[in-house]
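In: sequence below, structure please.
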Amino acid sequence: MSGARQLPSSAIKWRDFILGEDSDIVEQALRMMFDEKTHVNFQFRLKRTWSSADGVESPAWIMAWAFPELHEDGSVKSVMGTMIEISQLKWAESMQKLRVEEALESKRQQEK
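Out: Sure, this is the predicted structure:
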């Protein structure tokens, strides 16, 4: 298992890294995984910032997946997860949304 790390969940101090209001998103997703014994995927922001191509800093975005491994009795034995940074994707989505809003506003102004 090159690159794989196993940590007890108590060793992970999520709140030290996750942007305050997004801590609830992570906790709810993990609770759902444990309660429903199913995989979850979710997005959240970090306290660490990311700089866009135009120099604007914003919180870094993460997309995460978590998969429970179950004992024969159905209880959770362990959790495997992966995360990927999607800050650039979120920035591109926000730029696209802004351009659409600007185009709609321009159209409204022309129709007056």
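
In: for the strand with the most length in the chain, packing partners?
Out: Across the chain, the longest stretch assigned as strand under DSSP state E is strand 57-70. Helices and strands touching strand 57-70, by 3 or more CB pairs under 8 Å, 6 or more residues apart in numbering; DSSP states H and E, are helix 23-36, strand 40-51, strand 76-85, helix 87-111. No exception for glycine: its C-beta is placed from N, CA and C like everyone else's.

In: swap the cut-off to 6 Å and go again
Out: strand 40-51, strand 76-85, helix 87-111 (3 or more CB pairs under 6 Å, 6 or more residues apart in numbering; DSSP states H and E).

In: could you say which of these is packed most deeply?
Out: strand 40-51 (a mean of 16; mean count of other CB atoms under 10 Å).

In: how many degrees apart are it and helix 23-36 in direction?
Out: Between the axes of strand 40-51 and helix 23-36, defined by axes from the mean of the first three to the mean of the last three CA atoms, to 10 degrees, the angle is 160 degrees.

In: that older thread, any chance of JSON lines for the helices and strands packed on strand 57-70, columns distance to Glu27 and mean pLDDT?
Out: Shown next, in JSON lines, are the helices and strands packed on strand 57-70 (distance: least, CB to CB, whole Å; pLDDT from 0 to 100):
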{"stretch": "strand 40-51", "distance to Glu27": "10", "mean pLDDT": "96"}
{"stretch": "strand 76-85", "distance to Glu27": "14", "mean pLDDT": "94"}
{"stretch": "helix 87-111", "distance to Glu27": "21", "mean pLDDT": "91"}
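
In: so who does the spatially most central residue of the chain touch?
Out: Most central in the chain under CA atoms, centre = their mean is Gln43, positioned 2.0 Å from the mean C-alpha point. Applying CB atoms under 6 Å, 6 or more residues apart in numbering to Gln43 gives the contacts Met63.
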